[in-house]
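Q: Sharing a model that was predicted from the sequence below.
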Amino acid sequence: MILMKIIKRNGRSVMFNPSKITTRLRNRADGLKVNADEMAVKVISQMADGISTTELDTLCIEIAASMVPVHPDYSTFASRLFVTQLRKSTPESFSEAMMQIQLSTGVLGDEFQLFVHTNKDELDALIVQDRDFNHSIFGLRTLEKSYLLKDTNDNVIERPQYMWLRTAIEVGGFNMNDVIGSYHGMSQLYFTHATPTLFNSGTSLSQLSSCFLIANKGDSIDGLFDTMKDVAHISKLAGGIGLHVHNVRAKGSLIKGTNGKSDGMVPMMKTYNEIARWINQGGKRKGSFAIYFEPWHADVYEMIELKKNHGKEEMRARDLFYAVWMNDLFMERVRDDEDWSLFCPNILLKSGIILQDLFGEGFKTSYEYAEAKGLATRVVKTRDLWEKILISASKQSNNHHFPILNGLTKLSDFIKNQKQIDTHYFIAHCEEDKIRTELKNELINYKNNCILIGPEGDFNQEEINLAIANNFKPVSLGNTRLRTETAGIVACHTLNLIT
């Protein structure tokens, strides 16, 4: 047997005793269907002379996590090892951890520090340390990487319970009763808050909002770059952005000041793509930008190709998420197999037409007026564009499109098509008896999430019960009418806001 030494946390070198690691693994495996002895053999076989106890703990966790496919209990096993390792390197109390974070980084807010100092004993007693064991190893690794506060040397200072309490203090408005309720709810995993809330609670820059919907400020150097600056500021503090860009001139459009031609939306999207990678939510995770555009824009074909995994790199911006705002007129022309006109907003503006500000009959009237005046830069078959949108959606694993059915298409045919391309959500605007009947007869067997959207009072109790029983989510929009009187094709996070 080869003798090995290990380096303890205090720097002292000692001889490695295999029985100690075996005993520790057996203790942590109590009540689980895992083979602690087999784990010990794997750990010892991968050890090297002079390994530190911290590295040894990490090795045990990684091997346990790698065995999760063997049995799910290995995830719990790895979590137990992770939590016990974290306890060795973090303060024993919440107030001590907050003090250490502030001394090292200075990031905590004054009101938060005062509250912790004033209520130190009660807050420390509130913590239930063993609830850290309720997290999976994947969850703990995610918290360690991005969510738990660290010192300037990148050492984790917080435990998960400290993060929950820090968040509870902020969202509870520094009211102890609300803090207690919020902490117990989050720490027992009944609910959680959005990432920016977990990142920034208690800090001097406590920006807690998750999603920001903004418009491009204008088709000029100042407008374009002012928008980029706003987006960067939001992303810096972990906000996700929904940005519409269809007021930007299309490729080939005249630039009056230079008499040159615009390169269109693609270079702009590539710039936003790099901003998302660069201003990466305070260095904790990649920025999240959802880009919205309408199907009448002349660059729509290029836009729906931007996330594809193949093709020329100069025509791709894969770190963004794309969504098309649909309208009834487009879907009517899909139904009737008619032509569809594409426009440059800059050309339309010269004739006093601003399609991006219109919806419903106003949109239809102005769109058809622009067609009649010959302002289109290109005329295509509507079904061809619709097909390209669906193909793009089916090949983008993180970017589902959501067809809106408004009595325009036979629902059963649509279901068959969507099953083929693996789109996971349907939204039906339920106003006609035919649609209601098909929802019951056709969608009843479709087990993915389905959302029914209708006007106030549109659903009777029988339909609501039927929807709930089959994993549907009935949602009433009251008197609200979505853009062009249908919900359109929207991004995942927007769907979550609706529901």
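A: Noted; the coordinates are in hand.

Q: Compute the first-to-last residue distance for stretch 329-344.
A: End-to-end distance for stretch 329-344, by C-alpha to C-alpha, to the nearest Å: 18 Å.

Q: Pull out the buried residues from that stretch.
A: Leu329, Phe330, Met331, Arg333, Val334, Trp340, Ser341, Leu342, Phe343, Cys344 (16 or more other C-beta atoms under 10 Å). C-beta here means a position set from N, CA and C on the backbone, and glycine is covered the same way.

Q: just checking, what packs against whatever helix or strand the first one lives in?
A: Spelled out, it's Leu329. Element membership of Leu329, judged by DSSP states H and E, is helix 328-336. Counting contacts by 3 or more C-beta pairs under 8 Å, 6 or more residues apart in numbering; DSSP states H and E, helix 328-336 packs against strand 339-342, helix 360-372, helix 382-394.

Q: so which of those comes closest to Leu306?
A: helix 382-394 (9.0 Å; C-beta to C-beta).

Q: where does the stretch 251-400 of the chain have low pLDDT?
A: For the stretch 251-400 of the chain, residues meeting the criterion pLDDT under 70 lie at 282, 396-400.

Q: ok so, going back, of the helices and strands packed on helix 328-336, which is nearest Arg131?
A: Nearest of the helices and strands packed on helix 328-336 (C-beta to C-beta): helix 382-394, 40.1 Å.

Q: Could you check the closest one and say which residues are buried?
A: So, applying 16+ other C-beta under 10 Å, buried residues of helix 382-394: Thr382, Arg383, Leu385, Trp386, Ile389, Leu390, Ser392, Ala393.

Q: and the strand or helix carrying Ala323, C-alpha only, in PDB?
A: Using DSSP H and E, Ala323 falls within strand 321-324. The C-alpha trace of strand 321-324 is given here as PDB (Å, rounded to 0.1, in the frame of the first residue of the first chain):
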ATOM      1  CA  PHE A 321     -33.900  35.000 -27.700                       C
ATOM      2  CA  TYR A 322     -36.200  36.000 -30.500                       C
ATOM      3  CA  ALA A 323     -40.000  36.400 -30.700                       C
ATOM      4  CA  VAL A 324     -42.300  37.400 -33.500                       C
END
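
Q: Quick check: Met4 touching Asp49?
A: Yes. Counting by C-beta atoms under 8 Å, Met4 does reach Asp49; the two are 4.6 Å apart.

Q: Without its sequence neighbours, what residue ends up closest to Leu108?
A: Excluding the flanking residues, the one nearest Leu108 by C-beta to C-beta, 6 or more residues apart in numbering is Gln102, at 4.7 Å.

Q: pLDDT at the one you found, what is it?
A: At Gln102, the predicted lDDT confidence score is 96.

Q: where's it relative to Ser204, distance?
A: According to C-beta to C-beta, to the nearest Å, Gln102 stands 10 Å off from Ser204.

Q: Which one's more surrounded, those two?
A: Neighbours per residue, other C-beta atoms under 10 Å: of Gln102 and Ser204, the larger number sits with Gln102, 18 against 13.

Q: The more buried one belongs to a helix?
A: Yes. Counting by DSSP: H, G, I helix; E, B strand; the rest coil, Gln102 is found in a helix.

Q: still on that earlier bit, which other helices and strands contact the strand holding Ala323?
A: Partner elements for strand 321-324 (3+ C-beta pairs under 8 Å, 6+ apart): strand 289-293.

Q: in its sheet, what does the strand it packs on sit against?
A: strand 240-244 (parallel), strand 321-324 (parallel) (DSSP bridges).

Q: re the thing from before, residues shared between the contacts of Gln102 and Ser204?
A: Common contacts of Gln102 and Ser204 (C-beta atoms under 8 Å, 6 or more residues apart in numbering): Leu108.
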